[in-house]
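1. only geometry, no sequence info:
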């Protein structure tokens, strides 16, 4: 009985596996891909930039003080500090139960 060298056994095993991997494959229909969108590109180059560090406090250039006609506890504050607001948007809500009681009592 003749013994095959190891590399021949490995080669035969690889060829059998390669042949079996091509079997029983279903042919798939090509799917429609997303349309190709053109993009703009820029050529960039390495440059030296001067970096400066500063310390300080940033403040908004537009601020407003809020005042209410009646006193009361603030129950709702849906706007967070530093956010943009639109005209007519609710900024704050007061608990007006005490004001309603005071209005009923002459």
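-> All right, it came through fine. Everything numeric in this text was worked out from a predicted model, so none of it was measured.

2. Relative to residue 78, how far out is the residue nearest to residue 72 when sequence neighbours are not counted?
-> Nearest in space to residue 72, with sequence neighbours left out and distances taken as C-beta to C-beta, 6 or more residues apart in numbering, is residue 94 at 3.9 Å. C-beta coordinates here come from the backbone N, C-alpha and C atoms, glycine included. Separation of residue 94 from residue 78 (C-beta to C-beta, to the nearest Å) stands at 13 Å.

3. what sits in contact with each of the two?
-> Listed as contacting both residue 94 and residue 78 by C-beta atoms under 8 Å, 6 or more residues apart in numbering is no residue at all.

4. can you pull the contacts of the one residue sitting closest to the centre of the chain?
-> Among the residues of the chain, the one closest to the centroid is residue 83, at 18.2 Å (C-alpha atoms, centre = their mean). Applying C-beta under 8 Å, 6+ apart, one finds that residue 83 lies in contact with no residue.

5. Backbone torsions only: list them for residue 75.
-> Note on residue 75: its backbone torsions stand at phi -100, psi -20 [degrees, to the nearest 10].

6. That concludes my questions; thank you for your assistance.
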